[in-house]
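Trainee: predicted structure and sequence below. I'll ask about it afterward.
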Amino acid sequence: MTRTVGERYKWIALSNTTIGILMVTISSSITLISLPDIFRGIHLDPLTPGNTSYFLWLLMGFLLVTSVLVVSLGRVGDMFGRVRMYNLGFAI
């Protein structure tokens, strides 16, 4: 029995989406794990009551940059083709 293109495509789309979600989760985990070293590098204790805002600024800054890149690269994907940009993202 041969598979049609539609059957193969849905499995490729599912696997790419699953890998993409895994990569986002890993990226967020890396950010959270690296926070102690970041704050040690700038000689700041984020858990003291006066410094909590720095901790929030760092997390919100990461989320803001990620959000801006998603929107910007979405526009680039509209210009050059979504499939091409999606595959380029996985290659990078």
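Mentor: Looks like it came in fine.
Trainee: tell me which element His43 is part of?
Mentor: Per DSSP states H and E: His43 is located in neither a helix nor a strand.
Trainee: Leu56 versus that one, what's the distance?
Mentor: The span separating His43 from Leu56 equals 18 Å under the rule C-beta to C-beta, to the nearest Å. Backbone N, C-alpha and C define where each C-beta goes, glycine included.
Trainee: of the two, who's got more company?
Mentor: Between His43 and Leu56, Leu56 has the larger neighbour count (other C-beta atoms under 10 Å), namely 10 against 6.
Trainee: tell me which element the more buried one falls in.
Mentor: Leu56 belongs to helix 52-80 when assigned by DSSP H and E.
Trainee: buried residues in the lengthiest helix in the chain?
Mentor: For the chain, the longest helix by residue count, based on DSSP state H, is helix 5-41. By neighbour count on 16 or more other C-beta atoms under 10 Å, the buried set for helix 5-41 is Phe39.
Trainee: what bits of the chain have low per-residue confidence?
Mentor: Along the chain, segments meeting pLDDT under 70 span 1-3, 5.
Trainee: mind checking which residue lies nearest the centre of it?
Mentor: Nearest to the mean C-alpha position of the chain, by C-alpha atoms, centre = their mean, lies Val24 at 4.1 Å.
Trainee: surely Asn16 meets Phe90?
Mentor: Yes. If you go by C-beta atoms under 8 Å, Asn16 and Phe90 touch, sitting 7.1 Å apart.
Trainee: on that earlier part again, compute the inter-axis angle for the longest helix of the chain and helix 52-80.
Mentor: Counting by axes from the mean of the first three to the mean of the last three C-alpha atoms, to 10 degrees, helix 5-41 lies at 150 degrees to helix 52-80.
Trainee: by contact count, what packs against helix 5-41?
Mentor: Helices and strands touching helix 5-41, by 3 or more C-beta pairs under 8 Å, 6 or more residues apart in numbering; DSSP states H and E, are helix 52-80, helix 82-91.
Trainee: the same query, at a cut-off of 7 Å, please.
Mentor: helix 52-80 (3 or more C-beta pairs under 7 Å, 6 or more residues apart in numbering; DSSP states H and E).
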